[in-house]
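Trainee: all I have is the shape, not the residue letters:
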């Protein structure tokens with residue numbers, strides 16, 4: 001299988017590559033549109049701010065090939081900031097347009113709750129849609145580091161956590177998947193997520 005990690009200068013890429021390798025996924029880090037469009041699966045990592053990430057993606061002219069890959073039905077997994085980028089827009093550092101692959105917006109976690117912002121640490125996943133991606137995280141704890149969260153329709157929220165507000169932890173729309181938590185920092189549970197993504201990619205390749 002050909003798996004690519006979109007290289008737009010995001011942090012934490014090494015840990016992503018290591019975690020994927022552990023479950024047998026060999027991934028190529030690339031900024032090449034041809035690699036993205038010819039991939040069997042695409043991972044969009046990310047640590048940082050939505051606006052600066054989109055600035056980088058636009059500077060590298062990566063938005064269009066990612067959107068084209070999505071239309072082709074290539075499985076795409078966005079992680080943490082990479083998940084947030086999948087949505088229409090974010091209010092972080094001003095209104096910024098995202099990929100537009102899942103309807104919704106990304107907004108700051110409310111400060112009028114007993115919980116600290118950012119959410120930093122482990123939280124328990126409540127699964128609302130049972131599928132291959134959620135089978136390994138039901139009632140399990142995964143690791144989060146974020147100040148913003150996605151607001152979207154319930155039909156796209158496969159799993160969520162309670163942080164004074166319901167935070168989508170895993171979102172799915174057709175071949176587009178987003179994990180707000182860090183699978184690469186979530187131990188055995190996180191490895192199940194990478195393995196589930198590998199299964200989806202394998203199924204897509206087999207059906208092509």
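Mentor: Nice, thanks for sending it over. Only a predicted model underlies this, so the values are computations on that prediction, with no experimental measurement involved. Residues are numbered from 1 along each chain as shown.
Trainee: what segments of this protein are helices?
Mentor: 13-22, 33-38, 50-59, 63-71, 81-84, 187-207 (DSSP state H).
Trainee: looking at this structure, which helix or strand is least sure?
Mentor: Within the chain, no helix or strand scores below helix 13-22, which has a mean of 88 by mean pLDDT, DSSP states H and E.
Trainee: residue contacts, the residue positioned nearest the centre of the chain?
Mentor: Centroid-nearest residue in the chain: residue 78, 2.2 Å away (criterion: C-alpha atoms, centre = their mean). If a contact means C-beta atoms under 8 Å, 6 or more residues apart in numbering, then residue 78 has 43, 44, 46, 84, 85, 86, 176, 177, 178, 179 as its contacts. (Glycine included, C-beta is placed from N, CA and C.)
Trainee: check residue 11 and give its pLDDT.
Mentor: Per-residue confidence at residue 11 stands at 67 (pLDDT).
Trainee: turn the contacts of residue 78 into a markdown table, including neighbour count and distance to residue 121.
Mentor: Output for the contacts of residue 78, formatted as a markdown table (neighbours: other C-beta atoms under 10 Å; distance: C-beta to C-beta, whole Å):
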| residue | neighbour count | distance to residue 121 |
| --- | --- | --- |
| 43 | 25 | 24 |
| 44 | 27 | 23 |
| 46 | 24 | 19 |
| 84 | 29 | 19 |
| 85 | 28 | 23 |
| 86 | 27 | 24 |
| 176 | 21 | 27 |
| 177 | 25 | 23 |
| 178 | 29 | 20 |
| 179 | 28 | 16 |
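Trainee: closest to residue 19 out of these?
Mentor: Residue 19 has its nearest neighbour among the contacts of residue 78 in residue 43, at 10.3 Å by C-beta to C-beta.
Trainee: can you list the low-confidence ranges for this protein?
Mentor: The chain contains residues with pLDDT under 70 at 11.
Trainee: quick one, strands of it?
Mentor: Per DSSP state E, the chain carries strands over the ranges 3-6, 27-30, 41-44, 76-79, 87-90, 96-97, 102-108, 119-124, 126-127, 141-146, 148-151, 157-162, 166-173, 176-179.
Trainee: other SSEs contacting the second one?
Mentor: Under the contact definition 3 or more C-beta pairs under 8 Å, 6 or more residues apart in numbering; DSSP states H and E, strand 27-30 sits against strand 3-6, helix 13-22.
Trainee: between these, which one is closest to residue 200.
Mentor: Of all these, strand 3-6 comes closest under C-beta to C-beta, at 11.3 Å.
Trainee: what residues does that closest one touch?
Mentor: For strand 3-6, the surrounding residues in contact (C-beta under 8 Å, 6+ apart) are 13, 16-17, 20, 25-31, 35-36, 39-45, 57, 62, 66, 201.
Trainee: adjacent strands (with direction) for it?
Mentor: Paired strands of strand 3-6, with direction, are strand 27-30 (parallel), strand 41-44 (parallel) (DSSP bridges).
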